[in-house]
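Trainee: could you work out the structure for the sequence below:
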Amino acid sequence: MLSQLIMHTKAYYRLNELQHHHGITADEIRYFIEQNKLRLSFLLPKTQLLIGKAAQPIFSAYGFGYFKGLVTVGSETSLKLITNTKAKCRFVTIREGEFSDFSTEYPFSIPVPNKTIRLWTPKVISTDSANRLLAQKHPYESASGVAVLSEVVEVLKSFNKENQNVHNPWIERAKKTEKMDLYFDDFAFTLSDACLFKKDLEHLNLLGQTSTSIPHQTRLTQLEKPHTGKPIRLEPEPNSSNQSVLDYYSRGSLCRKLVWHLKSMYPEKGAAHFWKLLHASQTNEELMDALDPDDDIYEIDRDTIYWNIPSKFNSEDIDKTTGRRRFENVVSDWNKIHR
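Mentor: Presented below is the predicted three-dimensional model:
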């Protein structure tokens, strides 16, 4: 009993200890990963990272530095790890840890934009402000692949005079590109090192004061049902369990879901108040977790919400952003329905 109380003070859990101490099976974890409600995290040793934000398809880099702590991988990578036990990815999301030696000075001789860094927007990052930022391994400069291929062809031609007139297909491209280019290594993770944040588990009622007394199948059934105690709606709750995965991201559905959630928390408040709350949550992780428990929001700037859209839906005709005016209209629609 004492060991269980001590475990509840932990910030994260390994998968094996969740099953051993709390009876949460691998299949149950897989279910929530498949539903895009959980993502796997990893303890990263001190690593030099490039930090920034992405508004698809552009990665905007703020600077670079050393980070040691917990990072979270995306939904697709989490699912690959569950099914294949190993996976690689370019980006991770900073969750909790420490930064050191952070610099906003561009460190490379290769100008921006290049194939690795599309935009360099210097911004000072601290341990407190880095949560939910994207990171990739620090790039390195190396000879351009096109330049190397061109040089190899020229060397081969020099060995035989009969080959002097052979056309070098790379030489013109090499003249138009830099001799050096930026490259990066992917992160490589294994399922045995994966962990899950305690607060992510508590949000799904997998951990908490009541979870240990509720059978797992009952918990899953309850989570699939619409929430009770809210006003009667004229249409199903946005993103309810009877929606297809694509519909979850289609036709402004994420915006409606967000507004329904905010109104359930603050039924008397309006669009202006919600917009201020959402902006405040960008620097307050606890507030962000309360307002956006499913991590649907990627970023919010002055007048736009950028959504976390899985890359497999990039080619679909879906809303990847929502403007402030559209957000206000959805709040107005809610008010009309619930007069």
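
Trainee: after the helix or strand Glu76 falls within comes which helix or strand?
Mentor: According to DSSP states H and E, Glu76 maps onto helix 75-84. Next along the chain after helix 75-84, taking DSSP H and E as the criterion, comes strand 86-89.

Trainee: which residues touch that next one?
Mentor: 73-74, 77, 80-81, 186-191 (CB atoms under 8 Å, 6 or more residues apart in numbering). Using the backbone N, CA and C atoms, a C-beta is placed for each residue, glycine as well.

Trainee: could you flag which of the residues you listed are buried?
Mentor: 73-74, 77, 80-81, 187, 189, 191 (16 or more other CB atoms under 10 Å).

Trainee: among the contacts of strand 86-89, show me the least confident.
Mentor: Lowest pLDDT within the contacts of strand 86-89 is found at Gly74 (88).

Trainee: quick check: the gap between that one and Tyr306.
Mentor: Computed as CB to CB, to the nearest Å, the Gly74 to Tyr306 distance reads 15 Å.

Trainee: do the same with Ser264
Mentor: Counting by CB to CB - Ser264 and Tyr306 are separated by 23 Å.

Trainee: between the two, who's got more neighbours?
Mentor: Ranked by neighbour count (other CB atoms under 10 Å), Ser264 and Tyr306 place Tyr306 first, with 17 against 13.

Trainee: in the sheet, who's paired with that one?
Mentor: For Tyr306, the beta-bridge partners are Glu299, Thr321 (DSSP bridges).

Trainee: which two among the buried ones among the contacts of strand 86-89 are spaced furthest apart?
Mentor: Spatial extent of these (CB to CB) is set by the pair Gly74 and Leu191 at 15.2 Å.

Trainee: which parts of stretch 46-56 are buried?
Mentor: For stretch 46-56, a neighbour-count test (16+ other CB under 10 Å) marks 47, 49-54 as buried.

Trainee: from the contacts of strand 86-89, which is closest to Thr322?
Mentor: Gly74 (20.8 Å).

Trainee: low-confidence stretches in the stretch 101-250 of the chain?
Mentor: Applying pLDDT under 70 to the stretch 101-250 of the chain flags residues 127, 143-180, 208-250.

Trainee: go with 90
Mentor: Where the stretch 101-250 of the chain drops to pLDDT under 90, the residues are 107-119, 121, 123-134, 139-185, 198-250.

Trainee: need the contact list for Pro113.
Mentor: So Pro113 contacts Leu119 (CB under 8 Å, 6+ apart).

Trainee: so it lies in a helix, does it not?
Mentor: No - counting by DSSP: H, G, I helix; E, B strand; the rest coil, Pro113 falls outside a helix, being coil.

Trainee: nearest to Lys199 among the contacts of strand 86-89?
Mentor: Relative to Lys199, the closest of the contacts of strand 86-89 is Val73; by CB to CB it sits at 17.3 Å.

Trainee: residue contacts, the closest one?
Mentor: The contact partners of Val73, by CB under 8 Å, 6+ apart, come to 39-42, 81, 87, 89, 92-93, 187, 189.

Trainee: ok, 7 Å please
Mentor: Going by CB atoms under 7 Å, 6 or more residues apart in numbering, Val73 touches 39-40, 89, 92, 189.

Trainee: ok, so of those residues, who is nearest Gly63?
Mentor: Nearest to Gly63 among these is Val92, at 16.4 Å by CB to CB.

Trainee: give me the neighbour count for that closest one.
Mentor: For Val92, the count of nearby residues is 25 (other CB under 10 Å).

Trainee: mind listing the helices for this protein?
Mentor: Shown for the chain, the helices assigned by DSSP state H span residues 2-7, 15-22, 26-34, 75-84, 145-158, 171-176, 198-203, 216-224, 245-248, 253-265, 271-280, 285-291, 324-337.

Trainee: now for the fourth one, which elements pack on it?
Mentor: Based on contacts counted as 3 or more CB pairs under 7 Å, 6 or more residues apart in numbering; DSSP states H and E, the elements that helix 75-84 packs against are helix 26-34, strand 86-89.

Trainee: in TSV: those, plus mean pLDDT and mean neighbour count.
Mentor: Output for the helices and strands packed on helix 75-84, formatted as TSV (pLDDT from 0 to 100; neighbours: other CB atoms under 10 Å):
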stretch	mean pLDDT	mean neighbour count
helix 26-34	88	16
strand 86-89	92	16
